[in-house]
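# A predicted structure for the sequence below; I have some questions about it.
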Amino acid sequence: MARIDDYRNAREIAAAALRGGDPARAARAAGYPVDPETQEIVLPFLDRHYRLTLPELAFSDRDAPQREVPLQEQVLLLHYLQAPQHPLPEGQWIAYREIPGAAFYFEAFVKRAVNPLKGTFGQDPEALRRVATRLDGQPGATGDAACIFHRLPRVPVQLVLWQADEEFPAEANILFDRSAGRMLSPEDAAWLAGMLVYRLMALGR
């Protein structure tokens, strides 16, 4: 389990790397516009909108300035922004294991994202469809229920459920566009999936 100091260190390392380049250019490449007057980037993430000021790279919540932006989310967003390239999605879905280097993190990925998805929505896939609209989820065409999310502009993620029946338990899978590994490390991809699933669980309560 990562400690809060680990997240702080990871944030500072990522911010320093981004400052060493051209943060505004990186933001535009990643799919985020930069306000030319305020030098702010608005980053929609999950069900919130964060502001990132340049050149300080300070985060704030646009709609609730008093609410802190979770460090894990800051690190993920900074890692995404500093990716060496931000290709458009290829339109080919792959399993998490197919992301280069993901085998090492697979067990954590299943515990962090797949099992909570299956445990919460496996008996009622329709509940996933309902709550997905609150995060701009779009219907997919796989399983008994599937929803596609673009919580990072260039990294679509698809959640898939197969409902439990008398013979088989519920099953779930989380798919990524084939290009995801060019922008996110396996650990960051697992964090993204887990954050998405847990926010859906919270919204569904």
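Received the coordinates, thanks.

# what's the pLDDT at the residue most central in space within the chain?
The centroid of the chain falls nearest to residue 192 when counting by C-alpha atoms, centre = their mean (3.1 Å). Residue 192 carries a pLDDT value of 98.

# Surely it touches residue 159?
No - counting by C-beta atoms under 8 Å, residue 159 is not a contact partner of residue 192; they are 11.7 Å apart. Using the backbone N, CA and C atoms, a C-beta is placed for each residue, glycine as well.

# returning to that earlier point: could you check how far the residue nearest to the centre of the chain is from residue 166?
35 Å (C-beta to C-beta, to the nearest Å).

# name the element residue 42 belongs to?
strand 40-45 (DSSP states H and E).

# Kindly apply the preceding question to residue 17 instead.
Residue 17 is part of helix 4-19 when elements are defined by DSSP H and E.

# burial count for residue 78?
Number of residues near residue 78 (other C-beta atoms under 10 Å) recorded here: 23.

# go on, residue 146?
Residue 146 has 23 nearby residues by other C-beta under 10 Å.

# With the one 10 residues further on instead?
Neighbour count of residue 156, defined by other C-beta under 10 Å: 21.

# Name the residues of whichever helix or strand comes after the strand holding residue 42 that are buried.
Downstream of strand 40-45, the next assigned helix or strand under DSSP H and E is strand 48-53. Going by neighbour count (16 or more other C-beta atoms under 10 Å), the buried part of strand 48-53 is 48, 50-52.

# Over to stretch 122-129?
Across stretch 122-129, burial judged by 16+ other C-beta under 10 Å covers 122, 124-125, 127-129.

# Closest to residue 143 out of these?
For these, the residue nearest residue 143 by C-beta to C-beta is residue 125; the value is 7.7 Å.

# List the residues that contact the closest one.
Counting by C-beta atoms under 8 Å, 6 or more residues apart in numbering, residue 125 makes contact with 143-145, 161, 163.

# leaving aside the residues next to it on the chain, what's closest to it?
In space, and not counting its chain neighbours, residue 125 is closest to residue 145: 3.3 Å by C-beta to C-beta, 6 or more residues apart in numbering.

# what does residue 171 give?
Counting by C-beta to C-beta, 6+ apart, the residue nearest residue 171 is residue 162, at 4.3 Å.

# What's the local residue count around that neighbour?
Neighbours of residue 162 (other C-beta under 10 Å): 19.

# Quick check: the gap between it and residue 170.
From residue 162 to residue 170 the distance is 6 Å (C-beta to C-beta).

# Thanks a lot, catch you later.
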